[in-house]
Structure formats: structure tokens, C-alpha cells
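Student: here is a sequence together with a model predicted from it:
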Amino acid sequence: MRGQRRMEDIDNMEILNKSKTGRKERPIKVVQFGEGNFLRAFVDYMIDIANEKGTFDGDIVLIKPIEFGNLDMFHKQDCQYTVSLRGNVDGEGKIINRVVTSVADAVDTFNEYEKYMSLAEIDTLRFVVSNTTEAGIVFDDTDKFELNPPKTFPGKLTKFLYHRFETFKGDLSKGLVMLPVELIDDNGIMLKKCVMQFIDLWGLSAEFKKWVEDACIFTATLVDRIVTGYPRATEQEEWEKLGYEDHIMVTGEPFALWVIESDKDISKEFDLPGAGLPVVFTDDHHPYKQRKVRILNGAHTSFVLASWLCGNDIVRQSMEDEDIRNFMNKTIFDEVIPTLTLPEDELKAFAGEVVNRFNNPYVDHALLAISLNSVSKWRARCLPSLLGYVDKFGKLPAHMTFSIAALMAFYTGTEIRDGALIGHRDGQEYNVKDDMPVLEFFRDNSGKDTRSFVTAYLGREDFHGQDLNKVPGLTDAVTAYLDDIKTNGMRAALCRIS
């Protein structure tokens, strides 16, 4: 009876909408290309808090920039939704729920084209946020101004800006601030470059080009928050706890960071820090990106393969494994942080937060998922730290060097099946996934004697951008570590340097 009553309660629940939230209408200040989980749990969440705290007074209109999918559930819920942040806060696991009311509407660029373009006519509009994936900021010379809308995101934005320019007759006060969060280097710089290319391709006026240059601001940004999305597997339980149905709720971790670099100061009109939010305005975002890539991503890449071969399956298990955690801490604090340029106290605080995030009790982050494309990841995330350490101290960083041997041990296999190299852990198969030339190299070389294997791998300039055998002592050190792993097992070898 109790279970039946619970199902009846869920069946009778009301869906979340503005009649339940009592949403306050605010001027439209933001249009957002992308309605996905990340933007809603990051940007829209922050703006909602800033609205509440009184440091920003503006609503957002979501723009669906692609043909696939629909906005039916957004309209059914009046764009009201819950963000549920789950993770360690002040040393204990917490769930923090917030109903976000900062989104006023959601518009389909293809099926509501006229409505979409009319957004450019809104007097109060000031900001354009985007997350169109890493492939979204591209220039395509086959895109056309006459399309409604143009097919690329920069093409859509160029035509949108042109309509605003014409509507307000070139008024310099009506320029927009672009806040792209796509995960590419110098995202705002690349977006502006694409817009300027479309202006030239489409033969738009010199006056419009000057308006974009003088009135509009293209920021480069760095964003950081793990967003785990809609809790599909537990949705009924979630609704029961919330007391309403929410089909577009989104879950993520409490940690967040938004670094915004711009040529002109926008901190007063986009005052999210005034609401206590983790937003940093700077004239150079690169040190923050370097910190994230080398500490957060570099830590992942340097320990996960060794951790897998030590018998762990997820990141949290790795943090509960004293040997792995000790290895990771020494990698970060003794070898990575000394090569970075930000103040040491900032770096150590960030590193401490990284460890806290890895130990999130609500996220089961699979090591095999992180292992995807580890060869190119190691080059981008770990190699700069290794070379920086050698350059600064004149010797090899032991833990970062060991991570090369761990990678080679993980990638050891003689068979490629269904696009994956077959590795073995404790007699059980696992799939190593990477680009085919990488997998073919390991298939053809991992059975050789250790020194030949190491020399061949370190010598692949297409993998590393250079011949790493030229780094003094590296070939000998990796060979010794890999021999130790082969002879005594991963854990014993790892503990010997930790």
C-alpha cells in the first residue's frame, strides 16, 4: 500500500512552472545560444543568484541554434527548472537545490526565425552567451547571409548583429558583449575572427564592420564546473523529494569558476562577483587556463591509468586508495605547482579544491572513461609540466616520469578488436580507446623488449611534438619504471617512488 500511495502522489504532482515559482519579470539582457545542461547549471544559475542579490537585473532568452530537438518541455515548464549541486562542501557531502527563474523564454532559430531575429531589436539587450561545442566556432565560406538562419553559429551571430546595427542605426551604445564558453583556446578571439570573415564574405558595409569593432566586446573565457545532467535513473525519487515534477532539472558539482578576459572593463555591468559568485575578470585568462589544465586535467591523466592497473574503477576509489592519493598529491604539489606562474597560495588552494572534487561522493567518474585518448591528453596536460620542471630544476620529476611508464603499461596489448586495443588487468580484458595510429603503434611495439618499446614511443614526434629521447635521462628512467611494473606489478612499482 505504501509503495502504491507513493506512486499516486507522484502521479498527482504538479509540474514546475512560473505559477509555482512566482517568477519576477525583468528586462531581457542576455540571449544565450544553447539550452544545454552546462549553460543552465552554470551561467543561468549564476545570473539567477545575481538577480536575487541585486547586482544584476536581467532575464535570459535561450536560443536553440540547431535543428535537432525541440523546446516543448521548456515551454511547458515556463523555462523554470531546478539546479541540484551535489558534492563536498566544508568537508561534508551536501545537496544544494535551487529553482532557477532567470530564463524568460526559449526560441527556436529554425521554426521561430522571425521571433529569434526580433530579439536583436530589444533595447535592453547587452550580452550574448554561447556554448555551441568545440566545433561551433568555425568559419564556413559556403554559409550564406540569405539563409534564415545561416547554418553556422558565427554566421547566425553576424546576421543577428547586423540586424541590431540596422535597427538602432549604428548607435554605439547598442553594441553587445559576447561571452562564449566553448572549450577552445581564445574562444572570443576566434569568434570575432569568424564574424569579421563573414562580414567580408557577405560584403556587409564598412560602417557595420566598424560598429562591431568599436561597439561590441568579444571576451575570452575559461569555465570550470562538472555538470552531470538530468538524473534520469532516479527521476521519480528526485521529484518526490522536490515535491513537483521537473523534466529539465540538471545536476552538477558545487565548485565553479568563470574567468573572463576582455579589452574593455565589463565588471560593473556584469557584477556577478558582487553577488559572491566565483567570477574573475582579468586582462589575461591564460594563467588560469594553464592552472586548470595542468593541475585538474593533468592530475587526472597522470594517475588514472596507474590507478586502473592497481585495481580501482572510479575516481573516488582512487582518492580512497592511500597509495594513489599520495602519488597524485606529490605529482601536483611537488612537480606541477612549481612550474606555474600564479601565486603559490592560489595554486595550492585550487589544488586542494581539485582533490575535494575528485572525492565527490555523488559522482562515479569511471577511470576507463577518462582514459580515452590518453596519449594526446598526456601531451597537452602533462608534458609541459615535465619539461618545465626539467628546465627549472635540471632533473626529472619522478612522478610525472612514472606516469609515462604507467601509460605504456596500460596501453600494452597485441590485439585490436572493434576499434579498441585489448588490454588485460588481473586476467580480465579492457578496451583501450584512442586514435587508430596510436593503437596500431602499441599493438606492434608493446611486445618488444622494454628499452626498444620505450625508445620507440618517446621517439614518436607525432605523439609528443618532439623526440622525448632527447630529454636527458628520460629514456633510462621510463625504461626502469616500466621494467619494475612488468616485474613487480603496478602497485609495488608506484609505491617505490611515492
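Tutor: Arrived safely, thanks for sending.
Student: okay, CA-based contacts and neighbour counts for the rest of this
Tutor: Noted.
Student: what ranges do the helices span in the stretch 251-400 of the chain?
Tutor: 286-291, 298-309, 315-320, 322-330, 344-358, 367-370, 374-381, 383-393, 398-410 (DSSP state H, counting those that start in this stretch).
Student: and these: which comes nearest E245?
Tutor: Minimum separation from E245 across the helices of the stretch 251-400 of the chain (CA to CA) falls at helix 344-358, 28.9 Å.
Student: give me the contact list for the closest one.
Tutor: Contact partners of helix 344-358, identified using CA atoms under 8 Å, 6 or more residues apart in numbering, comprise 87-88, 253, 255, 291, 295-296, 315-316, 319, 332-333, 337.
Student: tilt between that helix and helix 322-330?
Tutor: 150 degrees (axes from the mean of the first three to the mean of the last three CA atoms, to 10 degrees).
Student: going by neighbour count, list what's buried in helix 344-358.
Tutor: L347, F350, A351, V354, V355, N356, R357, F358 (16 or more other CA atoms under 10 Å).
Student: ok, those residues vs L176, which is closest?
Tutor: The nearest one, if we look at the buried residues of helix 344-358 relative to L176 and count by CA to CA, is F350, at 32.4 Å.
Student: ok so, going back, looking at the helices of the stretch 251-400 of the chain, which is buried most?
Tutor: helix 298-309 (a mean of 25; mean count of other CA atoms under 10 Å).
Student: against which helices or strands is it packed?
Tutor: Under the contact definition 3 or more CA pairs under 8 Å, 6 or more residues apart in numbering; DSSP states H and E, helix 298-309 sits against helix 315-320, helix 322-330, helix 367-370, helix 374-381, helix 398-410, helix 490-497.
Student: looking at the ones you listed, which is nearest to Y481?
Tutor: helix 398-410 (6.0 Å).
Student: out of everything not next to it in sequence, what's closest to L421?
Tutor: Take L421 and drop its neighbours on the chain: the residue closest to it by CA to CA, 6 or more residues apart in numbering is V432, 4.9 Å away.
Student: what sits against that neighbour?
Tutor: S371, L372, F410, Y411, A420, L421, I422, G423, L439.
Student: in JSON lines, list the residues you listed along with distance to G229.
Tutor: Shown next, in JSON lines, are the contacts of V432 (distance: CA to CA, whole Å):
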{"residue": "S371", "distance to G229": "21"}
{"residue": "L372", "distance to G229": "20"}
{"residue": "F410", "distance to G229": "30"}
{"residue": "Y411", "distance to G229": "31"}
{"residue": "A420", "distance to G229": "28"}
{"residue": "L421", "distance to G229": "30"}
{"residue": "I422", "distance to G229": "31"}
{"residue": "G423", "distance to G229": "31"}
{"residue": "L439", "distance to G229": "31"}
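Student: of those residues, closest to K29?
Tutor: Comparing every one of the contacts of V432 with K29 (CA to CA), the shortest separation belongs to L372, at 39.4 Å.
Student: number of nearby residues for that closest one?
Tutor: L372 sits with 16 neighbouring residues when counted by other CA atoms under 10 Å.
Student: re earlier: how about the helices and strands packed on helix 298-309 in JSON lines, adding distance to V279?
Tutor: Shown next, in JSON lines, are the helices and strands packed on helix 298-309 (distance: least, CA to CA, whole Å):
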{"stretch": "helix 315-320", "distance to V279": "27"}
{"stretch": "helix 322-330", "distance to V279": "27"}
{"stretch": "helix 367-370", "distance to V279": "27"}
{"stretch": "helix 374-381", "distance to V279": "24"}
{"stretch": "helix 398-410", "distance to V279": "31"}
{"stretch": "helix 490-497", "distance to V279": "38"}
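Student: which one of those lies nearest to E134?
Tutor: Comparing the helices and strands packed on helix 298-309 under CA to CA, the one sitting nearest is helix 374-381, at 16.0 Å.
Student: any idea of the pLDDT on E92?
Tutor: With respect to pLDDT, E92 scores 89.
Student: re the thing from before, columns pLDDT on top of the contacts of helix 344-358, output as CSV?
Tutor: Converted to CSV, the contacts of helix 344-358 look like this (pLDDT from 0 to 100):
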residue, pLDDT
G87, 96
N88, 92
E253, 96
F255, 96
R291, 95
I295, 96
L296, 94
V315, 95
R316, 94
M319, 95
I332, 97
F333, 97
I337, 97
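Student: nearest to L191, of these?
Tutor: R291 (23.5 Å).
Student: out of the helices and strands packed on helix 298-309, nearest to W308?
Tutor: The nearest among those, by CA to CA, is helix 367-370 at 6.6 Å.
Student: the closest one - contacts with which helices or strands?
Tutor: Applying 3+ CA pairs under 8 Å, 6+ apart, we find helix 367-370 packed against helix 298-309.
Student: quick one: contacts of the helix it packs on?
Tutor: By CA under 8 Å, 6+ apart, helix 298-309 touches 313, 315, 318, 324, 327-328, 331-332, 367-368, 370-371, 374, 377-378, 381-382, 400, 403, 406-407, 410, 425, 490-491, 494.
Student: what mean pLDDT does it have?
Tutor: So the average pLDDT for helix 298-309 ends up being 96.
Student: now swap in stretch 320-331 and tell me
Tutor: 97.
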